[in-house]
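S.K.: following is a predicted model, sequence given first.
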Amino acid sequence: MTISILSLHTYPVKSCGGITHTQVNICATGLAHDREWVVVDEAGRFLTQRAHPRMALIQPALDATALFLNAPEMPTLRISLCHSEQAASAVPIRIWNSDTLGHDEGDMAGRWFSDYLGLRCRLYRVHHEARRLAGPDLVARWRNGRTNGDAFPQEHLVGFADSFPFLITNQASLDDLNRHLIARDQDAVTMNRFRPNIVIQGLEAYEEDYLSSLRVGPLVFALVKRCTRCPMPNVDPLTGEMGEEPMNTLRAYRSFEAGVLFGVNAVMAGAQPGAVLSVGDRLEAELDI
């Protein structure tokens, strides 16, 4: 079978809209600028579409100098990409059960998000001193299960993503889900409901569950965990409204002890400075045996 990258996606601000790429750089925390910013309320809680589905309508764009954010009835917000962290105070931020550091992007950004979401909040960028590690126990388990696992790094940084720097999904699995939805007289959904970084093609439906790794050139993706899904795929990215599908349908046939599963979480090794991923890149798969 020929496995290849079908599409590539980043989400610069956690839980806001995404950017689709034909080619994207790789950095220390995953794809460049992925989940590099997070919105936090005045109680210190990070905000997501789970409670604020209108975040889906915040659309990002990037150029060489800035991040641009647009939302309905809001002016464009420009955030400089120039690293000013050296002068910025590190603010403790907790993403679920792990702690990291951010720096405040200032009053203008805070007002923009506060006005749009209707509550007081601030925008933070990953601080240069942040050192949040992706699933150390799961990475260790993956390494221990491989004859040459010691050659794979134990520590992998992650920005403001929930747990891991990469989420990989399989187009055939979405096609299968859509067949189930249509059979239940529900509308088909698009892959952006699941907010992947890398969408692959060439596998059978849910075959990704049984892979140990994917390799593209010198890059090795360790598939350390099947992804447990929260209700966020029920948010329509075109309307910012929460519904009941596709999770009701997915729950009917993809429920396991860990939860409802769709996609796999990964960490990566082998990237050199300037490394990129491109749509069409071919992947070599290793089965989990």
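M.R.: Nice, I can see it. Numbering: from 1, shown residues only.
S.K.: average pLDDT for stretch 38-47?
M.R.: Taken as a whole, stretch 38-47 carries a mean pLDDT of 96.
S.K.: and stretch 279-289, by the same measure?
M.R.: So the average pLDDT for stretch 279-289 ends up being 90.
S.K.: which residues sit against it?
M.R.: For stretch 279-289, the external contacting residues (C-beta atoms under 8 Å, 6 or more residues apart in numbering) are 2-8, 21-23, 200, 202-203, 210-217, 223. Placement of C-beta: from N, CA and C, glycine included.
S.K.: among the residues you listed, the buried ones, what's the PyMOL command?
M.R.: This is how PyMOL selects the buried members of those, with burial counted by 16 or more other C-beta atoms under 10 Å:
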select buried, resi 3+5+6+7+8+21+200+202+203+211+212+213+214+216+223
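S.K.: quick one: which of the contacts of stretch 279-289 sit in strands?
M.R.: Among these, DSSP state E puts 3-8, 21, 23, 200, 211-216, 223 in strands.
S.K.: closest one of these to residue 91?
M.R.: The nearest member of the ones in strands among the contacts of stretch 279-289 to residue 91, counting by C-beta to C-beta, is residue 21 at 29.5 Å.
S.K.: surely that closest one touches residue 9?
M.R.: Yes - Residue 21 lies in contact with residue 9 (C-beta atoms under 8 Å); the separation is 7.0 Å.
S.K.: list the residues that contact both of these two?
M.R.: Between them, residue 21 and residue 9 share no contacting residue under C-beta under 8 Å, 6+ apart.
S.K.: pLDDT below threshold where in the stretch 1-150 of the chain?
M.R.: 1, 84-87 (pLDDT under 70).
S.K.: which residues in it form strands?
M.R.: Assigned strands in the stretch 1-150 of the chain, in chain order: 3-10, 19-21, 23-27, 30-31, 37-41, 59-62, 66-70, 77-80, 91-95, 98-104, 121-126 (criterion: DSSP state E, counting those that start in this stretch).
S.K.: longest helix in this structure, please.
M.R.: helix 171-183 (DSSP state H).
S.K.: not counting it itself, show me its contacts.
M.R.: Here helix 171-183 makes contact (C-beta under 8 Å, 6+ apart) with 6, 187-191, 194, 199-201, 203-208, 245-246, 249-250, 252-253, 262-263.
S.K.: burial count for the spatially closest residue to residue 74 that is not a sequence neighbour?
M.R.: For residue 74, ignoring the flanking residues on the chain, the nearest one in space by C-beta to C-beta, 6 or more residues apart in numbering is residue 116 at 5.4 Å. Counted with other C-beta atoms under 10 Å, the neighbours of residue 116 add up to 21.
S.K.: isn't residue 116 right up against residue 71?
M.R.: Yes - using C-beta under 8 Å, residue 116 is in contact with residue 71, at 5.2 Å.
S.K.: now the common contact residues for these two.
M.R.: residue 58.
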